[in-house]
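Asker: Please find the sequence and the predicted model below.
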Amino acid sequence: MADPVEEFDLLVVGGGKAGKTLAMDWARSGKRVAMVERGMIGGTCINVACIPTKALVASARAMRTFARARQLGFVTENPEAIAELLRTHKTGVVEGMVTINHKQFVDSGMDFILGEARFTAERTVAVTLNSGGTRRLRGAEAVVNTGTTPLLPDIPGLADARVLTSETLLHLERLPEHLIVTIAAQPPFPYSLHSVTISVSDLDASIQWWNRVFGLTLLAKSRFDAIGADVAFLEGPGFRLELLQPADGVRIPELTAEPPAHIRPIGNKALVFRVEDLAGVTRTFRDLGVTTVWEQMDLGDGSISTAIRDNDGNLINVFQQGASPIG
């Protein structure tokens with residue numbers, strides 16, 4: 001006999017950043033929520049991306065400080081990086097974050113399910129539970145948030161070269177003497193986001209603007225009754241952007257003041273993107289008819305910046321590190 005179908009207000013398949021946040025917010029507001037995760041509690045960021053890599057970056061920065069110890073006024077005895085200890089540090093940070101996330105899931109009131117989901121009908125999944133057995137779930141709303149895996153670009157010979165990916169690199173048993181890094185960029189141009197959430201006055205207009213200018217695609221739209229806002233999740237190369245349209249939104253002139261006056265109020269200042277070819281990106285902005293606040297400004301540290309505003313006046317800073325202004 002088939003398992004009965006369990007009904008939920010929201011069904012989330014995959015417990016990554018966007019999905020887990022949406023699931024917890026809905027559950028805390030009293031909605032009946034089910035979230036199914038294959039096993040990577042907290043998602044890609046916590047387990048195999050942002051958190052473990054930043055833990056190793058922290059170790060590298062500490063080693064750099066040790067290298068300058070005498071210059072800084074103290075002496076250390078032959079500091080050494082040991083792969084096993086680095087892995088222990090990284091694993092401890094990840095496990096701590098996983099534990100925190102699991103507790104947050106449970107405390108939110110959602111039905112958190114460890115298993116593998118397969119869609120069998122509209123908004124309906126069959127789940128093979130990690131603990132054994134099956135369940136059938138259906139959501140009035142369904143969100144797919146299944147995360148990412150490294151993708152090897154189609155470069156001749158690469159598949160046979162035993163290359164490391166961003167995931168396998170985290171499990172090295174010894175530190176390599178040499179390393180060659182190859183990055184496969186996605187259109188419209190390679191960049192990375194340093195901030196993730198902004199409030200807007202017109203959600204649909206903002207979705208169209210971000211698609212036109214930066215090529216972001218819409219993942220999902222929903223309503224956060226708990227905070228009185230409509231929300232859209234958009235995805236770009238390596239990041240996701242959350243747009244919030246509050247019912248009682250208020251524009252604060254100081255936050256959209258012309259630079260440098262915009263830096264005086266305490267709080268968020270801008271979305272920041274890093275690119276490799278700022279001159280080309282600036283030309284793309286011109287071709288799209290995007291108004292620039294400044295173009296290829298020398299920031300004084302070897303970097304240059306072009307700034308634009310979205311259709312709500314939010315400042316977006318696009319910079320290239322270690323470059324000189326181009327006339």
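Answerer: The structure has been received and is ready for your questions. Residues are numbered from 1 along each chain as shown.

Asker: Find the residue closest to Asp230 in space, skipping its chain neighbours.
Answerer: Excluding the flanking residues, the one nearest Asp230 by CB to CB, 6 or more residues apart in numbering is Gln245, at 4.6 Å. (Each C-beta comes from the backbone N, C-alpha and C, glycine too.)

Asker: Show me the shaky parts of the stretch 1-150 of the chain.
Answerer: Applying pLDDT under 70 to the stretch 1-150 of the chain flags the ranges 1.

Asker: Which parts of it are helices?
Answerer: 17-28, 44-48, 50-67, 69-72, 83-108 (DSSP state H, counting those that start in this stretch).

Asker: Could you point out which of these sits nearest Gln208?
Answerer: With CB to CB, the closest approach to Gln208 among those belongs to helix 17-28: 19.8 Å.

Asker: how about the closest one: buried residues?
Answerer: 17-27 (16 or more other CB atoms under 10 Å).

Asker: Return the closest of those with respect to Glu167.
Answerer: Taking CB to CB as the measure, Glu167 sits nearest to Lys17 out of those, at 16.9 Å.

Asker: surely that closest one meets Glu242?
Answerer: No: Lys17 is beyond contact range of Glu242, at 9.4 Å (criterion: CB atoms under 8 Å).

Asker: Surely Ser222 is in a strand?
Answerer: Yes: looking at Ser222 with DSSP: H, G, I helix; E, B strand; the rest coil, it is inside a strand.

Asker: got the contact list for it?
Answerer: Listed by CB atoms under 8 Å, 6 or more residues apart in numbering, the contact set of Ser222 reads 22, 141, 143, 230-231.

Asker: ok, and for stretch 279-287, which residues are buried?
Answerer: 279, 281-282, 285.

Asker: between the helices of the stretch 1-150 of the chain, which one is nearest to Arg136?
Answerer: Nearest of the helices of the stretch 1-150 of the chain to Arg136, taken as CB to CB: helix 17-28 at 18.5 Å.

Asker: Output the contacting helices and strands for that closest one.
Answerer: strand 5-13, strand 33-37, helix 83-108, strand 134-144, strand 217-224, strand 229-236, strand 239-246 (3 or more CB pairs under 8 Å, 6 or more residues apart in numbering; DSSP states H and E).

Asker: quick one: secondary structure of Arg286?
Answerer: helix.

Asker: Distance of the closest residue to it other than its chain neighbours relative to Pro156?
Answerer: Nearest non-adjacent residue to Arg286, counting by CB to CB, 6+ apart: Thr292, 7.7 Å away. Computed as CB to CB, to the nearest Å, the Thr292 to Pro156 distance reads 40 Å.

Asker: Neighbour count for those two, which is higher?
Answerer: For Thr292 versus Pro156, the count of surrounding residues by other CB atoms under 10 Å is larger for Thr292: 14 against 6.

Asker: Contact partners for the more buried one?
Answerer: 282, 285-286, 306-308.

Asker: Check the separation of the first and last residues in stretch 69-79.
Answerer: The straight-line separation of the ends of stretch 69-79 (CA to CA, to the nearest Å) is 10 Å.
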